[in-house]
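Peer 1: structure, please.
(chains A and B, ligands or ions: 2)
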Amino acid sequence: METQSIAVEREKLLDWYRQIVLIRHFEERSLDLYHEKKIGGVYLHLYNGQEATGVGAVAALQPQDHVITAYRDHGIAIAKGVDPKYVMAEMFGKKTGTSGGKGGSMHIASAEHRMWGGYAIVGGHLPLAAGIAIKARYLHLDEVTLCFVGDGASNNGYFHEALNLSAVWNLPVIWLIENNLYGMGTAVERASGQVELHKRAVGYGMEDGGRIDGMDVTVVYDTVKQARDFVIKNGPILIESMTYRYEGHGVSDKIFKERAQEMAKWRDRDPIDVLAGHLKTMFGDDIEHELEQIRLKAEHTVHEAIEFAEQSPAPTYEDLFRNVYVE
Amino acid sequence: MRDALRIALHEEMERDETVFVMGEEVAYWHGTHKVTREFINEYGESRVKDTPISEMAIAGAAVGAAMAGLRPVAEIMTINFAFLAFDAIINHAAKIRYMFDGQFKVPMVVRAATGWGMQATASHSQTPEPIFAHFPGLYVGCPSNARDAKGMLKAAIRDDNPVLFTEVIALYPKPSPVPEDTDFTIPIGKSDLKREGDHVTLVAYGRGVDWALQAADQLEKDGVRAAVVDLRWLRPLDMSIVFESFKQTNRAVVVEESLPHYSFGSEIAAQIQEKMFDYMDAPVKRVSAADVPLPFAHDIELMALPNAQKVVDAVKEIL
Ligand SMILES: Cc1ncc(C[n+]2csc(CCOP(=O)(O)OP(=O)(O)O)c2C)c(N)n1
Ligand SMILES: [Mg+2]
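Peer 2: Ligands and ions are numbered 1, 2, ... in the order given. Next up, the predicted model:
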């Protein structure tokens, strides 16, 4: 590689490292904050373990591209450029949050970032992704929609209808299954006849994007980058990214701890370590100093986000009735 | 109440081999709300079936299994997800008996957790029983306490008609004595006087009964004697006790956890004015949730929720 492109490559990888570490720290602190009852409610679905998939996939997009996902959404919103402080404020139920405190952890959206939101009804956002992509075809825009899909969600009726529709209309959608092996407590083998979920593409007559290592951000990036070119020209693709969640389904999951051995195996391929490994191989061990700086910066950013959330005002009685309709 | 439901299900599975349970996480997670705790160990996978996240298939397959002669108890994790199963429940379960003029019966129960107030946000915070109760062919029940829960669920499982049985999440931890008699049932469509009183009639079901009872306690201190009627079943709707009470009190307040438009409250108020017009001394008041999708933030969520104080205030308006 020429010196210039090496520098670019280095910066790109460091940026991914920055994002992954930031999301990791954000999620770990969120769990503490939930236990401290600063983040309320009964739902908190964390993304730690899965960061490489979200960060790599979103990085492969153009700024005008669209992202939509389920309730495990904080990390994906941050990867799409939403400031963590607004995400945190939303999780605190504050007026300064991305949804003014009305959506909570499961519903992080930012229209300006083309982050169309997290959705709490399993599978419900899939047809929305198809619909967003209709507009791109309609107006001949160079825009794709990246739709994150849970392995469990792939067994919901919404999945079938949305994928089929996207295929018959050649919609520019990247369907990215995040196969973290479980939907709540149910392993893929107990829920899906075809356990290699990407193979379902064949049944819909759409491009099979294969199964990829979702713990390696570079693999996810390369795959989704190619997919972007493909879907603009041809129509949808289905990719299955193999990954793992470190905290169980949500804060109510008591049984995931029984899977300690499995967890340890996946933690050996932790997205942060995998990427640090790439960086060291390419740029030498000295880069560790920079990585250390990045980690400290992430702590600082999350700390600031929490302060912002804590100091923000709560929504008011008037807010309760605002935005039921377009006014 | 959780244990009462578990015992009811257990007893019915013991009693009748055709009764089986299916739903998301009912087996190895032991039910999201732990109503099927240990069932998998006792009955195995043939009678305790974890399903994929496929509400349409859960409800639809329950309809088919019931038509074929089994007695499925299908669990929909929360009532919010029953919207995905709405077609199977409404267009099939509720209509098959009639459409085929009595050739088939559909003895199924759909159990679903209901209610809000836990910052679960708009799509996960609904109590839409009245919507389901709109349709003939389906029974809809929702117990307010453990004893009723046991008797009502057992009756639902034994009945030959499809039943939507909702369980208020906030009431699961509620303790209360449960009759040990394995044949104790509470007939479908039987309402219950939960408290006597001759100044005003409070009409409720599910969690609304608690608010009504708390309000009645508070009102008593001011010398107001409120009767509390628990309808238990939205369909079939038994208004006999309400009417009986209304003849004495001439005033009523309906308490509902759900939304105000086209609601439980609307139905009860309409029936009272139609049938009890000569006894009416005041308009029927309704205490409902605020007419909004539910927000996440706790303070404003609570502002939207009915409570005992709002019931007391409503009573005072019509005294
Ligand atoms: C329609 C519907 N059914 C059930 C649920 C309850 N639920 C929430 S998340 C979940 C598991 C989803 O698993 P998966 O799609 O694999 O996503 P993951 O949580 O692993 O990211 C279930 C069953 C729901 N929210 N919506
Ligand atoms: Mg999963």
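Peer 1: for A:Glu178, helix, strand, or coil?
Peer 2: Following DSSP: H, G, I helix; E, B strand; the rest coil, A:Glu178 is assigned to strand.
Peer 1: can you name the residues that contact it?
Peer 2: With contact set as Cβ atoms under 8 Å, 6 or more residues apart in numbering or on different chains, A:Glu178 has these partners: A:Gln50, A:Thr53, A:Phe148, A:Val149, A:Gly150, A:Asp151, A:Gly214, A:Ser241, A:Thr243. Yep, even glycine has a C-beta here, placed from its N, CA and C like the rest.
Peer 1: quick one: pLDDT of it?
Peer 2: If you check A:Glu178, the pLDDT there is 98.
Peer 1: A:Met1 now?
Peer 2: pLDDT recorded at A:Met1 is 58.
Peer 1: next: A:Tyr17.
Peer 2: At A:Tyr17, pLDDT is 98.
Peer 1: swap in the one 5 residues further on?
Peer 2: Model confidence at A:Leu22, expressed as pLDDT, equals 98.
Peer 1: do you know how far the closest residue to it other than its chain neighbours is from ligand 1?
Peer 2: Counting by Cβ to Cβ, 6 or more residues apart in numbering or on different chains, A:Ala298 is the residue found nearest to A:Leu22 once chain neighbours are left out, at 4.4 Å. Distance of A:Ala298 to ligand 1, given as Cβ to the nearest ligand atom, to the nearest Å: 23 Å.
Peer 1: so what pLDDT did A:Ala298 get?
Peer 2: Per the predicted model, pLDDT is 98 at A:Ala298.
Peer 1: and it, what element?
Peer 2: Assessed by DSSP states H and E, A:Ala298 sits inside helix A:288-311.
Peer 1: rewinding a little: just the buried subset of the contacts of A:Glu178, written out for PyMOL, thanks.
Peer 2: Remark: buried members of the contacts of A:Glu178, expressed as a PyMOL selection using 16 or more other Cβ atoms under 10 Å in any protein chain shown:
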select buried, chain A and resi 50+53+148+149+150+151+214+241+243
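Peer 1: near ligand 2 too, which of the contacts of A:Glu178?
Peer 2: The subset of the contacts of A:Glu178 within reach of ligand 2, by Cβ under 5 Å from the ion, is A:Gly150, A:Asp151.
Peer 1: quick check, nearest of the contacts of A:Glu178 to chain B?
Peer 2: Closest to chain B out of the contacts of A:Glu178 is A:Gly150 (8.4 Å), distances taken as Cβ to the nearest Cβ.
Peer 1: contacts only, for residue 212.
Peer 2: Just so you know, I chose chain A. A:Val219, A:Val220, A:Thr223, A:Ile239, A:Glu240, A:Ser241, A:Met242 are the contacts of A:Ile212 under Cβ under 8 Å, 6+ apart.
Peer 1: meant chain B actually
Peer 2: B:Lys194, B:Leu202, B:Val203, B:Ala204, B:Ala226, B:Val228, B:Val255, B:Ala308, B:Val311.
Peer 1: so what pLDDT did the closest residue to A:Met242 other than its chain neighbours get?
Peer 2: Among residues not flanking A:Met242 along the chain, A:Gly214 sits closest, at 4.9 Å (Cβ to Cβ, 6+ apart). A:Gly214 carries a pLDDT score of 98 in this model.
Peer 1: ok, back up a step: quick one: which of the contacts of B:Ala212 is most hemmed in?
Peer 2: Neighbour counts for the contacts of B:Ala212, by other Cβ atoms under 10 Å in any protein chain shown, peak at B:Leu202, which reaches 33 neighbours.
Peer 1: can you confirm it is in a strand?
Peer 2: Yes. Checked against three-state DSSP, B:Leu202 lies within a strand.
Peer 1: that one: what's it in contact with?
Peer 2: B:Leu202 is in contact with B:212, B:215-216, B:226-229, B:252-255, B:311, B:315, counting by Cβ under 8 Å, 6+ apart.
Peer 1: give me the subset of the residues you listed lying in helices.
Peer 2: B:Ala212, B:Ala215, B:Ala216, B:Val311, B:Val315 (DSSP state H).
Peer 1: closest to A:Val144 out of those?
Peer 2: Lowest distance from A:Val144 to the ones in helices among the contacts of B:Leu202 (Cβ to Cβ) belongs to B:Val311, with 53.0 Å.
Peer 1: and the strands in the stretch 1-150 of chain A?
Peer 2: Listed in chain order, the strands of the stretch 1-150 of chain A (DSSP state E, counting those that start in this stretch) span A:66-70, A:115-119, A:145-150.
Peer 1: repeat for the stretch 101-250 of chain B
Peer 2: Along the stretch 101-250 of chain B, counting by DSSP E, counting those that start in this stretch, strands occupy B:109-114, B:139-141, B:163-168, B:192-195, B:200-204, B:226-230, B:233-235.
Peer 1: just checking, B:His92 touches B:Gly60?
Peer 2: Yes. With contact defined as Cβ atoms under 8 Å, B:His92 counts as touching B:Gly60 (6.7 Å).
Peer 1: who's in contact with the residue of the stretch 101-250 of chain B found nearest chain A?
Peer 2: The stretch 101-250 of chain B approaches chain A most closely through B:Gln119 (3.2 Å), counting by Cβ to the nearest Cβ. Applying Cβ under 8 Å, 6+ apart, one finds that B:Gln119 lies in contact with A:Gly40, A:Gly41, A:Val42, A:Gly93, A:Gly104, B:Phe296, B:Ala297, B:His298, B:Glu301.
Peer 1: could you list the domains of chain B?
Peer 2: B:2-171, B:192-318 (automatic domain parsing).
Peer 1: ok, which of those comes nearest A:Glu307?
Peer 2: Going by Cβ to Cβ, the one of these nearest A:Glu307 is domain B:192-318, 18.7 Å.
Peer 1: now do the same end-to-end measure for the closest one.
Peer 2: Criterion Cα to Cα, to the nearest Å; first-to-last residue distance in domain B:192-318 is 24 Å.
Peer 1: try stretch B:276-284
Peer 2: 11 Å.
Peer 1: and the stretch 51-200 of chain A, which of its residues are near chain B?
Peer 2: With Cβ under 8 Å from any Cβ of the partner chain as the criterion, the stretch 51-200 of chain A meets chain B at residues A:90, A:93-94, A:99, A:101-107, A:119-124, A:152-153, A:155-158, A:183-186, A:190-192.
Peer 1: give me the buried subset of those residues.
Peer 2: Buried among these by 16+ other Cβ under 10 Å: A:90, A:93-94, A:99, A:101-107, A:119-124, A:152-153, A:155-158, A:183-186, A:190-192.
Peer 1: follow-up on the earlier one: for the domains of chain B, give me TSV that also has mean pLDDT.
Peer 2: Formatted as TSV, the domains of chain B follow (pLDDT from 0 to 100):
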stretch	mean pLDDT
domain B:2-171	97
domain B:192-318	98
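Peer 1: hmm, back to that, among the contacts of A:Ile212, which are in strands?
Peer 2: Counted as lying in strands by DSSP state E, out of these, are A:Ile239, A:Glu240, A:Ser241, A:Met242.
Peer 1: which residues touch A:Lys12?
Peer 2: A:Ala59.
Peer 1: and it, how far is that from ligand 1?
Peer 2: Distance from A:Lys12 to ligand 1, by Cβ to the nearest ligand atom: 27 Å.
Peer 1: from what I see, B:Phe246 and B:Tyr279 are in contact.
Peer 2: Yes. Using Cβ under 8 Å, B:Phe246 is in contact with B:Tyr279, at 5.8 Å.
Peer 1: who has more neighbours, those two?
Peer 2: Shown here are B:Phe246 and B:Tyr279; by other Cβ under 10 Å, B:Phe246 has more neighbours (24 against 15).
Peer 1: got the contact list for that one?
Peer 2: Residues near B:Phe246 by Cβ under 8 Å, 6+ apart: B:Thr201, B:Ala252, B:Ile272, B:Met276, B:Tyr279.
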